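Undergrad: Show me how the following folds:
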Amino acid sequence: MSDDTFTAPIADRAPTPDEARAAERSVDEVDVDRVGEHYRAEAERGARMRGEGEIEGVEPD
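TA: This next block holds a predicted model:
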């Protein structure tokens, strides 16, 4: 692992008008709890991945 310092993520550009409208429309349609649950499940699955795509030398928590 390198000694690079991690910084907070930032957007590379402002959203386009179409992207902003789409985000506003979807606010009431997204089940944030369900998305979070899926994200955690997939992160756990990825942490246990072995074989192709595995990052050598990195052990799961």
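Undergrad: CA atoms for contacts and neighbours, from now on please.
TA: Fine.
Undergrad: mind showing which ranges of this protein have poor pLDDT?
TA: In the predicted model of the chain, residues 1-3, 53-61 satisfy pLDDT under 70.
Undergrad: quick one, longest helix in it?
TA: Across the chain, the helix with the greatest residue count (assigned by DSSP state H) is helix 32-47.
Undergrad: Can you tell me how far the residue of the chain positioned farthest from its centre is from Val27?
TA: The outermost residue of the chain, judged by C-alpha distance from the chain's mean C-alpha position using CA atoms, centre = their mean, is Pro17 at 23.4 Å. Distance of Pro17 to Val27, computed by CA to CA, to the nearest Å: 16 Å.
Undergrad: ok, now Asp12?
TA: According to CA to CA, Asp12 and Val27 sit 22 Å apart.
Undergrad: Thr16 too?
TA: Relative to Val27, Thr16 is positioned 17 Å away (CA to CA).
Undergrad: Other residues contacting stretch 4-13?
TA: Contacts of stretch 4-13 from elsewhere in the structure, counted by CA atoms under 8 Å, 6 or more residues apart in numbering, are absent.
Undergrad: helix, strand or coil for Arg50?
TA: Here Arg50 takes the coil state, with states given by DSSP: H, G, I helix; E, B strand; the rest coil.
Undergrad: Asp12 and Val27 - which one has more neighbours?
TA: Set side by side, Asp12 and Val27 show more neighbours around Val27, with 10 against 6, by other CA atoms under 10 Å.
Undergrad: And the more buried one, its phi and psi?
TA: phi -50, psi -40 (degrees, to the nearest 10).
Undergrad: State the distance from the residue sitting nearest the centre point of the chain to Gly51.
TA: The chain has Tyr39 as the residue nearest its centroid, 7.5 Å off, counting by CA atoms, centre = their mean. Note on Tyr39: its distance to Gly51, by CA to CA, is 21 Å.
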